[in-house]
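In: Please work out how this folds:
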Amino acid sequence: MSTASAAAARPATAPSLTGVFVRLKLSLLRNGLRQSTGRTLAYVASIVVGLLFAGAVVLGLTALRGNAHAGALAVLLTGMLTVGWAVMPLFFPGSDETLDPTRLVMLPLRPRPLIVSLLMASLVGIGPVVTLMLVAGAVIAVADGALAAVVGVVAAVLVLLVCVALARAIATASVRLLTSRRGRDLAVLGGLFIALGGQGVNIAAQRLGRPDGLSVLEPLGEVLRWVPPASALGAVDDAGHGAYGRALAGLALTALALALLLWWWQRTLTALMTSPDSSTLQALEKDGARRSGTGERGLARLLPDGRTGTVMRRSLRYAWRDPKSKMAWATALGVGLLVPIATSAQGNGSMYTAFSASALLGAQMYNQFGQDTSAFWMVASTIATPRDAYQELRARALTLALVAVPYVTLVVVGAAALIGPWSDFVEVYGLSLAVLGALLATGAMSSALFPYSIPSEGNKNVAPGQGAIAWFSLFGGVLVAAVLCSPLVALTVWLHVAGLHQLLWLLLPAGAVYGVGLAEAGLRVAAPRVATRLPEILGAVSKG
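Out: Predicted coordinates for the structure are as follows:
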């Protein structure tokens, strides 16, 4: 056989995909920046801010070099970076177009070379650069000696690879969710979790700013130093102190975590690229359940029949499916719980901060018809008398109370446990229920007298030209609700001033009865106005 024939008989070596995917990532970045000047400026600004932030952190970590608690801070920083990379694909799925591997499903690519190429392409971008800078700063803070520096280089590479592989694996495992409507709704909630995390960082910064602040990190650091990839930073610290066995174990744990992540990523990628989309199967299952008469499941079966149950189911579906309604509910629930926790962590808390739960959830009663937008005409067509309007408002208020009452109870109990004293529980709980009832009453009146439209697209929650109506509706209603609660507040103050502490327990039943009475009165006063102003309400909520 000739040399040419032998060469032709040998199978051609498959070219490496890494260079192709890296160039593809660079092309996506370049083409994305060409779409608009604003996007280019935003990207450049993010690069500048990211590099400045990373540089400042690196300088701070370098200044801590030699500090006895620098190791605990380094592993904590690594853990926070890992969590950030893990949740980034869940809340910001559109930030990287290469996170969706289903776009490659028609190409003849094998999983193993594909994940290597995707992993290398993922290292292109400002995120990996900032991460590498932060990890390098942590290494500088804890590395002591030449051997520790060598271990630090290996640790930095391993930490970066674990973070990127973790983000990719999670994105691949949840890509069907992230590209669905529920995934987009989850992305909308990303801002709320960032706000909660920011408050947590603020509290931690206040604690760390004390003279002995870094010492509080030691217990957490002792645990995290054995959790990969933070164990790699713990290995750098151990190598500097001569604990070579512990250092080898820390690096081995991180390397093992990287191997497991790549294995999991390969399995999920193979399943994703070879299995049919399950959304069609789920739709067929739901359709079959609907035809068999078993469509209503779970808590929906417990709702009452008639108009009340129908309106409650519709309101709950709005709260679960509509992105802006879901964001409003999530913000109220998250911030209402965060305020007592934050004040307790700062050491200046009061049980009365639990009012935030009832205040924020009660405010959801305002502009009830705005969430219907132009579809309010279907609701209006079912309202012929004030009684119909009353039943509509009552069902919406019951939906809100179905969530608010247990939640307010939970927050007040938590505030009593965290802040105390338990002796204030009865009066705070009673006043919270009264505040909730007052806001339900004023919210019903505000929905009837000051409706406004909520645009379905964009980030604005008020249609242009209706901002003054929205602000007046909310703040005016809150002031009226405060006036309505003043008799119960006066009773509370009088019992304290008169020294009748043994009668404070009366505030709980009094607050509950007073709140229910206010809510019922508000619904009955608002119902006739809704019935007579249906055209005006429809016109106001249809402008978005």
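
In: all contacts plus neighbour counts: C-alpha atoms, from now on.
Out: Noted.

In: Would you mark the buried spots in the host helix or strand of residue 77?
Out: Using DSSP states H and E, residue 77 sits within helix 70-91. Neighbour-count burial for helix 70-91, with 16 or more other Cα atoms under 10 Å as criterion, is recorded at 70-79, 81-82, 85-91.

In: again, but for stretch 48-67
Out: Of the residues in stretch 48-67, 50-51, 54-55, 57-58, 61-62, 64-65 count as buried by neighbour count, 16+ other Cα under 10 Å.

In: Generate a markdown table for these, with secondary structure, pLDDT and distance to residue 526 as supplementary columns.
Out: Converted to a markdown table, those look like this (DSSP: H, G, I helix; E, B strand; the rest coil; pLDDT from 0 to 100; distance: Cα to Cα, whole Å):
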| residue | secondary structure | pLDDT | distance to residue 526 |
| --- | --- | --- | --- |
| 50 | helix | 84 | 52 |
| 51 | helix | 88 | 56 |
| 54 | helix | 88 | 55 |
| 55 | helix | 89 | 58 |
| 57 | helix | 88 | 56 |
| 58 | helix | 89 | 60 |
| 61 | helix | 87 | 60 |
| 62 | helix | 88 | 64 |
| 64 | coil | 83 | 63 |
| 65 | coil | 83 | 66 |
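
In: out of those, who's nearest residue 401?
Out: Residue 401 has its nearest neighbour among the buried residues of stretch 48-67 in residue 50, at 43.8 Å by Cα to Cα.

In: Kindly report the domain assignment for the protein.
Out: What automatic domain parsing lists as the domains of the chain is 18-275, 302-541.

In: Against residue 238, how distant is residue 152?
Out: Using Cα to Cα, to the nearest Å, we find residue 152 at a distance of 11 Å from residue 238.

In: Measure how far stretch 53-62 is from the centre of its chain, please.
Out: On the basis of Cα atoms, centre = their mean, to the nearest Å, stretch 53-62 is displaced by 28 Å from the centre of the chain it belongs to.

In: and what of stretch 71-87?
Out: Centre to centre, stretch against its chain (Cα atoms, centre = their mean), the figure for stretch 71-87 is 19 Å.

In: can you dump the C-alpha coordinates of it into PDB?
Out: Extracted C-alpha coordinates of stretch 71-87, given in PDB (Å, rounded to 0.1, in the frame of the first residue of the first chain):
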ATOM      1  CA  GLY A  71      -7.500  33.000  56.200                       C
ATOM      2  CA  ALA A  72     -11.100  33.000  57.400                       C
ATOM      3  CA  LEU A  73     -11.800  36.100  55.300                       C
ATOM      4  CA  ALA A  74     -10.200  34.500  52.200                       C
ATOM      5  CA  VAL A  75     -12.300  31.300  52.400                       C
ATOM      6  CA  LEU A  76     -15.500  33.300  53.100                       C
ATOM      7  CA  LEU A  77     -14.800  35.500  50.000                       C
ATOM      8  CA  THR A  78     -14.300  32.300  47.900                       C
ATOM      9  CA  GLY A  79     -17.600  30.900  49.200                       C
ATOM     10  CA  MET A  80     -19.400  34.100  48.300                       C
ATOM     11  CA  LEU A  81     -18.000  34.100  44.800                       C
ATOM     12  CA  THR A  82     -19.100  30.500  44.400                       C
ATOM     13  CA  VAL A  83     -22.600  31.200  45.400                       C
ATOM     14  CA  GLY A  84     -22.700  34.200  43.100                       C
ATOM     15  CA  TRP A  85     -21.600  32.000  40.100                       C
ATOM     16  CA  ALA A  86     -24.200  29.400  41.100                       C
ATOM     17  CA  VAL A  87     -27.200  31.800  41.200                       C
END
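
In: pLDDT (mean, whole number) over that stretch?
Out: Average pLDDT, stretch 71-87: 85.

In: And for stretch 145-157?
Out: Across stretch 145-157, the average pLDDT comes to 90.

In: Distance check, residue 330 against residue 338.
Out: 12 Å.

In: Between those two, point out the one with more neighbours.
Out: Set side by side, residue 330 and residue 338 show more neighbours around residue 338, with 20 against 17, by other Cα atoms under 10 Å.

In: Could you report the pLDDT at that one?
Out: For residue 338, pLDDT reads 75.

In: Check which helices and strands the helix or strand containing it sits against.
Out: Assigned by DSSP H and E, residue 338 belongs to helix 323-345. Of the remaining helices and strands, those touching helix 323-345 by 3 or more Cα pairs under 8 Å, 6 or more residues apart in numbering; DSSP states H and E are helix 181-188, helix 190-208, helix 306-321, helix 355-362, helix 386-418.

In: If you count contacts, what does the third one end up packed against?
Out: Counting contacts by 3+ Cα pairs under 8 Å, 6+ apart, helix 306-321 is packed against helix 323-345, helix 386-418.

In: again, only this time at 10 Å
Out: For helix 306-321, the packing partners by 3 or more Cα pairs under 10 Å, 6 or more residues apart in numbering; DSSP states H and E come out as helix 181-188, helix 323-345, helix 386-418.

In: before we move on, what about the fourth one?
Out: Contacts defined by 3+ Cα pairs under 10 Å, 6+ apart place helix 355-362 against helix 323-345, helix 386-418, helix 425-449, helix 467-497.

In: Tell me which of these sits nearest to residue 513.
Out: Closest to residue 513 of those is helix 425-449 (Cα to Cα; 8.0 Å).

In: I'd like to know which elements that closest one is packed against.
Out: Using 3+ Cα pairs under 10 Å, 6+ apart, the elements in contact with helix 425-449 are helix 355-362, helix 386-418, helix 467-497, helix 507-532, helix 534-541.

In: Residue 173: which of those helices is closest?
Out: Taking Cα to Cα, helix 386-418 is the member of those nearest to residue 173, at 31.7 Å.

In: what helices or strands is that closest one leaning on?
Out: With contacts defined as 3+ Cα pairs under 10 Å, 6+ apart, helix 386-418 has these neighbours: helix 306-321, helix 323-345, helix 355-362, helix 376-380, helix 425-449, helix 507-532.

In: could you dump the helices and strands packed on helix 306-321 to a markdown table with distance to residue 439?
Out: Formatted as a markdown table, the helices and strands packed on helix 306-321 follow (distance: least, Cα to Cα, whole Å):
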| stretch | distance to residue 439 |
| --- | --- |
| helix 181-188 | 27 |
| helix 323-345 | 14 |
| helix 386-418 | 10 |
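
In: that older thread, need the winner for burial among the helices and strands packed on helix 386-418.
Out: Neighbour counts (mean count of other Cα atoms under 10 Å) averaged over each of the helices and strands packed on helix 386-418 peak at helix 425-449, with a mean of 27.

In: re the thing from before, any idea which of the helices and strands packed on helix 386-418 has the lowest pLDDT on average?
Out: Looking at the helices and strands packed on helix 386-418, the lowest mean pLDDT belongs to helix 323-345 (a mean of 76).

In: Could you pull up the residues touching residue 400?
Out: Each residue near residue 400 by Cα atoms under 10 Å, 6 or more residues apart in numbering is listed here: 312, 315-316, 361-365, 394, 436, 440.

In: model confidence over stretch 164-173, on average?
Out: Averaged across stretch 164-173, pLDDT comes to 85.

In: mind checking how far that stretch is from the chain centre?
Out: So, by Cα atoms, centre = their mean, the centroid of stretch 164-173 is 19 Å from its chain's centroid.

In: Name the residues of that stretch that are buried.
Out: Quick answer for stretch 164-173 (16+ other Cα under 10 Å): 164-173.

In: Among those, which pair sits farthest apart?
Out: 164 and 173 (14.3 Å).

In: rewinding a little: residue 454: which of the buried residues of stretch 48-67 is nearest?
Out: Out of the buried residues of stretch 48-67, the member with the shortest distance to residue 454 (by Cα to Cα) is residue 50, at 34.4 Å.

In: Nearest residue to that closest one in space, please, no chain neighbours.
Out: Closest residue to residue 50 apart from its sequence neighbours, by Cα to Cα, 6 or more residues apart in numbering: residue 130 at 6.5 Å.
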